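Colleague: Structure for this input, please:
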Amino acid sequence: MWDYAIKHAIWIKNRVLIAALPFGDKDINVITSITLYKAFTSNYPDFDKLQVFGCKAVLYKINVDYLTTFKPRIRDRTWIFIRIEGNSIWKVLNVKTLAIAKITNARFNKYTFPLITSKKI
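Modeller: Numbering: from 1, shown residues only. Sure thing, here's the model as predicted:
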C-alpha cells in the first residue's frame, strides 16, 4: 500500500502553499505563495472531502453491475480509506478480500484504524 500512501501524500502536497511559486500582487507589491493546484486550475483547493489515510470506511452503495437486487451490496464492514481521486471519488480497500472499490457515498471514522492492532504495555 506504499503506492497509495505516496499518491495520497502527493495529492495533499499539490494543494498546500509552496514557496517555489511566488505570486505577486501588483497593487500591493506583496509577494505571496500559491499552491500548485491554484496555479494549474486557477481555483482554490477544496479540503472538505479529505480523509485520514487508513481510517475505517462504511460504504453506502457499491456501483457494481453484476449484483442483483436480492444479494447484499455490502457483505462486511472492513473497508479502509486509501486514496482520493479528484475531489469527490474515494478509493477504499477491503481488508479481508483486498478488493479495491471506487465510491462516492461513504462515512469515515477518522479515529478508527482497522489495520492497527493495539498492544497493551
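
Colleague: so where is the chain shaky, pLDDT-wise?
Modeller: For the chain, the stretches with pLDDT under 70 are 19-33, 61-77, 117-121.

Colleague: Which stretches in it count as helices?
Modeller: Taking DSSP state H, the helices of the chain run over residues 2-13, 36-41.

Colleague: His8: neighbour count?
Modeller: Residues within reach of His8, counting by other CB atoms under 10 Å, total 21. Any C-beta I mention is one placed from the backbone N, CA and C, and that applies to glycine too.

Colleague: Contact partners for it?
Modeller: Neighbour list for His8: Phe53, Ile82, Arg83, Ile84 [criterion: CB atoms under 8 Å, 6 or more residues apart in numbering].

Colleague: residues touching the second one, list them.
Modeller: Neighbour list for Ile82: Met1, Tyr4, Ala5, His8, Phe53, Gly54, Lys91, Val92, Leu93, Ile100 [criterion: CB under 8 Å, 6+ apart].

Colleague: Next up, phi/psi of the closest residue to Asn87 other than its chain neighbours, please.
Modeller: Spatially, and ignoring its direct neighbours in sequence, Asn87 is nearest to Asp46 (5.4 Å; CB to CB, 6 or more residues apart in numbering). Here is the backbone geometry of Asp46 (degrees, to the nearest 10): phi -110, psi 120.

Colleague: And Asp46, how far from Thr35?
Modeller: 12 Å (CB to CB, to the nearest Å).

Colleague: who's more crowded, these two?
Modeller: Applying other CB under 10 Å to Asp46 and Thr35 shows that Thr35 carries more neighbours, namely 19 against 11.

Colleague: re the thing from before, need the contacts of His8 in a markdown table with distance to Phe113, can you?
Modeller: Output for the contacts of His8, formatted as a markdown table (distance: CB to CB, whole Å):
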| residue | distance to Phe113 |
| --- | --- |
| Phe53 | 9 |
| Ile82 | 12 |
| Arg83 | 16 |
| Ile84 | 17 |
